[in-house]
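**Q** Coordinates for the following, if possible.
(chains A, B, C and D)
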Amino acid sequence: MDPEIALLHNYLIVGAVLFGIGMIGFFSRRNMIVMFLCAEMMLQGVSLSLVAFGRFHNDFGGQMLVIFIIAVAACEAAIALAVVLMLYRRAGKLDVIVWQALREDNQPAFEEEALPEEPPAEPWPSLSRAGLSPEILPEETDFRSRL
Amino acid sequence: MLLLPITIEALIKIGLLIACLMGGTSYLVLVERWIAAWIQDRRGPCRAGIPLTKIRLWGLGQPIADGVKFIFKEEFTPAHVDKFLYFLAPVIILTAALSVFAVIPFGSVLPFDFAGVYDAVAQWAGAEPLPEYAPQPTRLVAAPGLDVGMIYVFAVGSIAVYGAILGGWSSNNKYSFFGGLRSSAQLISYELPLGLGILGVVLLSGSLRLDVIIGQQAGSGVWNVLLQPLGFLVFFVAAFAESGRLPFDLVEAEQELVAGYHTEYSGMKLMMYLVAEFLHMIAAAFLMVILFFGGWHLWGLTGSGEEVTWLEAILRIVVLLGKIMGVILFFMIARWSWPRFRFDQLMSLAWKVMLPLGLVNVVAVAAWVEYGDRLAGWVGVPETAAMAVCGWILLIACWLVVTVSIPSTYDNRPLRVPATRGGQREGAPTP
Amino acid sequence: MSDSQLTFTLATLLGAVGVWLLLPRGTARGWAAGAVLVAIALGLGASRMLRLEDWVADGVFFILAGVTVVAAVATISFRDPVLCAIWFGLSLLGTAGLFLFAGAQFLAVATVVVYAGAILVTFLFVLMLARPKGRATWNRSSWEPVVSAATGIVMVGVLSMTISDVLALRGETGRPIVEAAETAGDRAEGVLADQHVALVGAELFGRNLVAVEVAGTLLLAALVGAAVIVARPRSEAQEPPAAD
Amino acid sequence: MDTIKTLLILIPALPLAATLLTAVLGKRVLRRQSHWPTVLAIGLSCAASLVLVFQVQQGIHKAESEGPSPQVGYEKVVTLWTWAGVDGAYAYSTSEPARGFRIDVTLRADPLTAVMLAMVTLVSLLVAVYSIGYMHDDPGYWRFFSYIPLFVFSMTMLVSVSNFVLLYVFWEAVGLCSYLLIGFWFQKPAAAAAGKKAFLVNRIGDFGFALGLFLLWTTYGTLDFHDVKLAAGGEGTAATVVHHETEIVEDADQPGLVRAGVLGQTMLRDRALYVTGGVATAICLLLMLGACGKSAQFPLHVWLPDAMEGPTPVSALIHAATMVTAGVYMVTRCLPLFLASEVALQVVAAIGGFTALLAALTALTQTDLKRILAYSTISQLGYMFLGLGAVTLLSAAGAVAGMFHLFTHAFFKALLFLGAGSVMHAMGGVIDVRRFGGLRRLMPTTHWTFLFGCLALAGIVPFAGFWSKDLILAAVGEQAYSHALDPQTQRLYYLLYIAGLLTAFLTAFYTFRAFFLTFYGEERIPREAGHHAHESPRSMTVPLAILAVCALVVGAYFELTHGFAHFLEQAPPLAMIAAEQATAEAGAGLGQSAHQALSHWWVAVISSLIAAAGIALAALLYLGHPQRVERLTRTLDAGGLYRLSRGKFFFDEIYDLFVVRPLQAVASLSFLFDRTVIDRLVDGCGLMPKRIGAALRPLQNGMIQFYALAMVLGLLVLLGTLLTM
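**A** I've put the predicted structure just below:
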């Protein structure tokens, strides 16, 4: 078999798998940024196919399309990031489920099922104040949230 | 089956490169310490010699001792770090720093066909002969076929950011995190002037391959630094910033951030970070020499063509290394000569000074490439000379404009009189 | 049902279950089984890949494709969004490697510069500022993992079977395909030429010049748009509500 | 651009500009000065119209001096632009090619139009000047002065367009102005109701008119009055019309070069194209229905008396002098059509005569000065139609007489209305003749001018009405005489002749009844008059004086010089008849004109005597003792005649009973049906998508991931279908 056909075949399959995985992630993940990454992954799958087809037909058209995909993805990233930031400022969460406002009026909102509580993270060591016994307040266990 | 000899050739080159770079780095540390001592008027490391003897060898054993110390030091991992990323970060940064050298030529060519040698050895071992191919000299680049050399350097450079930012974040320490943030901001900002500085050279030579760029300078005998000094200035400052050396070392400013993003690291991991920093500096020196100082070319010594003798080939390597050594020495002397920038000054320099200057340079070079020959023909002087004159005039003009137009707020001197009511400042320093 | 279709069906089924087990479901149970299942599914799929020119090429391709796909699976199955981003970066590097392997050098480096260099760093910023560790409920659980995994994997299965059916089975004899491969011309003069960047540039600024200008305008618009969306008057500036 | 075209455009354009200016600036900027644009524009328009008359006159002379030409009469058509054009709009049968429908915006200049334009703009100018004084403290001052030029614009366009569609458009436009001005004081319920009534009654006539136009188009294939020259070989498509101005009807015999207009096709000499019989009758009767509505003829005359609720200048301008004569103008313009159907002509004459008598009888007993004049207007319009109905293929005398009466009537009726308005103004809005009297000392100018008007209306030598009314009566008498071979027709025309004479007597009587009641007898002034009880200001009396002079002069001047008849006979519709008459006279060689002159003198003498008798009776009754009137009233009342006249023959009540009530009943039935059956059906249909929507609504759950999933599932279904196919 012509190695070019084999290459095309392999690339198309890898592209399809990448696209599918991205799709699954986009459907199921609830973190908006991860969703965005998954969308980009789908674009990568498509780009792979395009490049493979371009090589198979000895044509630069596929690569041109991918260049434009990259450009559009950059735009998309800028806008998406801005939107995500705004949404985060308003809800304090990156959860996409918070944003269901566009549903029909009398439809019930999607309720997340209650998850079992995870054991609290081990408190990080911190220095005690001089002369006092080390007392760790609950909010001090996660001092990074104030950054 | 030409792929196999090529692969083997590449592997040999890679091995050679890594060995030289690692060894070179350790000795550069020694050199740096010597220079620091020289500038500070004291004696640097001079005692470590051959172990278990009294032979000191002017301290040449010091790097080996340092290495041993690093290796045997305790690998202390703080409890609060994100383990996975904490281990990953130095690997990323070192890998990225080494990967840059894949496209950087460390010499010209060797008059010697590797595939032919391989074929002879293989036939002697009883393998089938290779199919017909055109014998060609061995290029002293790890990845000679890559046509996008310059952008590759860029791409890999942008991956190096991850090492700093992930290291800073996973350390779970305010100072580290600040260091990481600063590092990424600084590197991303200075990538733009860096690219603009390179773009002028690329426009002139018409290729992204570094060996082609050297070949073009060698062929004409005029180095790019003579033709576009403005581009060189921009590139030089940006490269300094990219390699994070003083006066651009805000990433690990000891007085502010303890040690920046690698505060929590020790042992081998710390060594990886330090080596990566040195590798960045070496890469910057390489690029500077290749792009602007003619690479391995020296008038009357190295020749300029593809056909070389063994003597010329070795001379070229020596010349290249000599130039690089010169640049590195400059880096080191600069480290002890300038104070550090403030962060806002750093950003202002990138976005308000270097970026416009870079744009000016690119536009000027583009215009020159398009109309330069006509202009030179009209005036009646050689094209290169005309371009050099124009380039230096441009540099001086830009220098004047920048100097005059920088607002007084960038003046670091304290105000003599505080602001009074009504917003009027009496006796404010005249800009 | 042909042999290859059987393989892909099996791989699809195993993959669906594996991905479902790997997705965050509020519990860590079964992730190892999921990983094994996904690995088997990938192996089955890999067994149906066609051989390339020689074993070096094969090896490089399988390493790159494996890294890409495994990193992609990891991207959607890790809880911690920062790790997701790192895995995604690895997947991107794999993709860039595949581009390079297919001869698209410029795209490979452009992908790394644009995605890994700029976009991902920005996302990391946001993630790090927003919420550490995948401890929040929305990181620990998924929306309808069963349905999602099933749909996605069925999609992959359908696509793979079609591709394999057309190219692997008929690649030897199917006249249109063989002819297309033969009439494509000397690739060493085209997409695989030494002067790659020059050719790409000629194509980009020749036939696609208008598109380039449009894309430039789009980028500018996106820049302005992002600035407008994020910017807020100083008076409104306030601390974000405390994250739970 | 030549002079005529410029004039034709200027005459309507100036009032239109004034309308726009006043409408935009009137309320805030012009306010009390709102009359200036109107007066200026109409004045210039009037001047232009007079110039146009002379231009047309010159054109006629020029044509005559150039010797005989195939052209009949004089007309000049100016095409401005094409409003609409549809190729192949309609085909009679499959054998013929479909013909195009096409409306060009065309203006025409011919004697008929010129006379109408001059009359309309002149009267409008005087009325506008009069209104400055009359309306001076009205809050809607600017509004009034933006309506008036709008009306003038519409009316001038109405008489100068050369296409039935445009005629219809401006027919409606003047109707709109009438409606707006009747309801000018819309706060008064009576005014609003009167406006509505006028509008609705006119709708009936206009509906008939529209039907007539449809029938015209399907019959003749065009709605242009005039003929259109085409490029050689072209047939009626938009692209082939090459000329823009034409001295018309040159090559009617060469098909393919001329597309004949409606009136051109009915040219008497072109018998091949002549449409007769039922179609012609139907067209004419439908057109006549339209004319009845606009000109307030029986049975659609009921709106005009109520229209007196509007301001008096409006009554004078629109409801006496100009708009109501549009029907007469239209019938005159369409005479070539009417000549095709004897029945139609007889109907016109019968309606005219009957309406004249009926309205005169009604006017006898009315007490509202303006209503008396309104019924008088209806009656005089009836006279005009009577004259038009007395036209034959061989004699246009009736039509000329009708138009002449229209012309003279415009002046003296406007004069009478303005005089009545002056009285009303002085009496503080009171118009009931029983409540005031003996005003001749208080308002001398009004008194004298009103007297002139009354004399003209009554038909006393040498006032205008005398000449024109006598011409009509003469034409009718001659018509009766000429139908010696057809006793039935002869009987009809004799009856109409007698009715005409009777009407003349009644006219003289009721006119002077009103005059005597108003200006003679004991001086009585109603309370409402207040400080107004004095002679009207100069701006009102000057127009009165001018009109009085006109009422005295125009009839005699034009009749004695024969200028009007000669001029008007060059209008294409009348010129055709004149040409036919000339041919016939040349053939017969009879001295018909001798008989004509004789009967004319006889009629003049008889009608003068009758009018004098009417005045004398009025003087006997109303200058003498009031008891005589009461006695006479009682006597008549015993026979119910008085009540009948007083109650306007109960037309309003009859219409209410037979038209309004049944319609209301049907309407409520329909309403019930709509509510119970149709609404339910519609609701049911509306419920269906609602239910379906409710079933599908859960899909719209606001989750972006669900949407994406749905998309992919759809894609999978599509892929599966494609692959399994």
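
**Q** Quickly find the element holding D:Thr79.
**A** If you go by DSSP states H and E, D:Thr79 is part of strand D:76-90.

**Q** Could you pull up the residues touching D:Thr332?
**A** Taking Cβ atoms under 8 Å, 6 or more residues apart in numbering or on different chains, we find D:Thr332 in contact with D:112, D:388, D:399, D:402-403, D:573-574. All C-beta spots, glycine's among them, are computed from the backbone N, C-alpha and C.

**Q** Tell me which residue in chain C sits closest to chain B.
**A** Residue nearest to chain B within chain C: C:Gly117 (3.0 Å; Cβ to the nearest Cβ).

**Q** burial measure for residue 89, as a count.
**A** Assuming you mean chain A. By the criterion of other Cβ atoms under 10 Å in any protein chain shown, A:Arg89 has 16 neighbours.

**Q** Let me rephrase: I mean chain C.
**A** Other residues near C:Gly89 number 24, with proximity taken as other Cβ under 10 Å.

**Q** Setting the sequence-adjacent residues aside, check what's closest to B:Leu17.
**A** B:Phe101 (5.5 Å; Cβ to Cβ, 6 or more residues apart in numbering or on different chains).

**Q** low-confidence ranges in chain C?
**A** Applying pLDDT under 70 to chain C flags the ranges C:1, C:119, C:123, C:125-135, C:171-172, C:174, C:232-244.

**Q** and it, which residues reach chain B?
**A** Contact residues (Cβ under 8 Å from any Cβ of the partner chain) of chain C with chain B: C:53-54, C:56-57, C:82-83, C:86, C:89, C:93, C:96, C:105-106, C:108-110, C:112-113, C:116-118, C:121, C:124-125, C:128, C:194-198.

**Q** quick one: D:His534 from chain B, how far?
**A** Distance, D:His534 to chain B, using Cβ to the nearest Cβ, to the nearest Å: 75 Å.

**Q** for that residue, what are its contacts?
**A** With Cβ under 8 Å, 6+ apart, D:His534 has these contacts: D:426, D:442-443.

**Q** what are the ranges of the strands in the stretch 1-150 of chain B?
**A** Using DSSP state E, counting those that start in this stretch, the strands of the stretch 1-150 of chain B run over B:109-110, B:138-139.

**Q** which residues sit against the last one?
**A** Okay, so that is strand B:138-139. B:9, B:105, B:109-110, B:112-114, B:211.

**Q** D:Gly720 and C:Gly185, how far apart?
**A** With the distance defined as Cβ to Cβ, to the nearest Å, D:Gly720 ends up 36 Å from C:Gly185.

**Q** for D:Leu636, same thing?
**A** Between D:Leu636 and C:Gly185 the computed distance is 117 Å (Cβ to Cβ).

**Q** that older thread, with mean pLDDT and mean neighbour count as added columns, please give the strands of the stretch 1-150 of chain B in a markdown table.
**A** As requested, those are arranged in a markdown table below (pLDDT from 0 to 100; neighbours: other Cβ atoms under 10 Å in any protein chain shown):
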| stretch | mean pLDDT | mean neighbour count |
| --- | --- | --- |
| strand B:109-110 | 80 | 19 |
| strand B:138-139 | 80 | 19 |
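
**Q** still on that earlier bit, what's the residue nearest to the residue of chain C closest to chain B when sequence neighbours are not counted in contact with, if anything?
**A** Counting by Cβ to Cβ, 6+ apart, C:Gly117 lies nearest to B:Ser158, which is 3.0 Å off, once chain neighbours are set aside. B:Ser158 makes contact with B:187-188, B:191, C:112-113, C:116-118, C:121 under the criterion Cβ under 8 Å, 6+ apart.

**Q** now, which of these sits nearest D:Gly327?
**A** Taking Cβ to Cβ as the measure, D:Gly327 lies nearest C:Ala118 of the contacts of B:Ser158, at 84.0 Å.

**Q** ok, D:Met443 touching D:Met427?
**A** No - taking contacts as Cβ atoms under 8 Å, D:Met443 lies outside contact range of D:Met427: 9.8 Å.

**Q** which parts of chain C sit against chain D?
**A** C:143-144, C:147-148, C:151-152, C:154-155, C:158, C:162.

**Q** circling back: quick one: mark the members of the contacts of D:Thr332 that sit in strands.
**A** In strands, judged by DSSP state E, none of these are found.

**Q** In contact with B:Leu187, which residues?
**A** Residues near B:Leu187 by Cβ under 8 Å, 6+ apart: B:157-158, B:160-161, B:164, B:241-242.

**Q** same thing but 10 Å
**A** By Cβ atoms under 10 Å, 6 or more residues apart in numbering or on different chains, B:Leu187 lies in contact with B:157-158, B:160-161, B:164-165, B:194, B:241-244, B:251, C:117, C:121.

**Q** Let's have these in TSV, adding secondary structure.
**A** Output for these, formatted as TSV (DSSP: H, G, I helix; E, B strand; the rest coil):
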residue	secondary structure
B:Gly157	helix
B:Ser158	helix
B:Ala160	helix
B:Val161	helix
B:Ala164	helix
B:Ile165	helix
B:Leu194	helix
B:Ala241	helix
B:Glu242	helix
B:Ser243	coil
B:Gly244	coil
B:Val251	helix
C:Gly117	helix
C:Val121	helix
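
**Q** Now pLDDT too, for the contacts of D:Thr332, in JSON lines please.
**A** JSON lines is the format used below for the contacts of D:Thr332 (pLDDT from 0 to 100):
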{"residue": "D:Leu112", "pLDDT": "91"}
{"residue": "D:Leu388", "pLDDT": "90"}
{"residue": "D:Ala399", "pLDDT": "88"}
{"residue": "D:Gly402", "pLDDT": "90"}
{"residue": "D:Met403", "pLDDT": "91"}
{"residue": "D:Pro573", "pLDDT": "81"}
{"residue": "D:Leu574", "pLDDT": "83"}
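
**Q** Just the buried residues from those residues, in ChimeraX please.
**A** A single ChimeraX command is used to select the members of the contacts of D:Thr332 judged buried by 16 or more other Cβ atoms under 10 Å in any protein chain shown:
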select /D:112,388,399,402,403,573,574
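
**Q** any idea which of the contacts of D:Thr332 is closest to chain A?
**A** Among these, and counting by Cβ to the nearest Cβ, the member closest to chain A is D:Leu112, at 69.4 Å.

**Q** Identify each buried residue in the host helix or strand of D:Val105, please.
**A** Here D:Val105 sits within strand D:99-109, counting by DSSP H and E. Across strand D:99-109, burial judged by 16+ other Cβ under 10 Å covers D:99-109.

**Q** tilt between it and strand D:76-90?
**A** 170 degrees (axes from the mean of the first three to the mean of the last three Cα atoms, to 10 degrees).

**Q** count of residues packed around B:Ile314?
**A** Each residue near B:Ile314 was counted by other Cβ under 10 Å, and the total is 14.

**Q** try C:Glu203
**A** Using other Cβ under 10 Å, C:Glu203 is surrounded by 16 other residues.

**Q** Next one: it from chain A, what distance?
**A** Using Cβ to the nearest Cβ, C:Glu203 is found at 4 Å from chain A.

**Q** and that residue, what is it in contact with?
**A** Here C:Glu203 is in contact with A:59-61, A:63-64, A:67 (Cβ under 10 Å, 6+ apart).

**Q** Using JSON lines, lay out the residues you listed together with pLDDT, neighbour count and distance to chain D.
**A** Formatted as JSON lines, the contacts of C:Glu203 follow (pLDDT from 0 to 100; neighbours: other Cβ atoms under 10 Å in any protein chain shown; distance: Cβ to the nearest Cβ, whole Å):
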{"residue": "A:Asp59", "pLDDT": "85", "neighbour count": "16", "distance to chain D": "26"}
{"residue": "A:Phe60", "pLDDT": "87", "neighbour count": "23", "distance to chain D": "29"}
{"residue": "A:Gly61", "pLDDT": "88", "neighbour count": "14", "distance to chain D": "24"}
{"residue": "A:Gln63", "pLDDT": "90", "neighbour count": "28", "distance to chain D": "26"}
{"residue": "A:Met64", "pLDDT": "91", "neighbour count": "20", "distance to chain D": "26"}
{"residue": "A:Ile67", "pLDDT": "92", "neighbour count": "25", "distance to chain D": "26"}
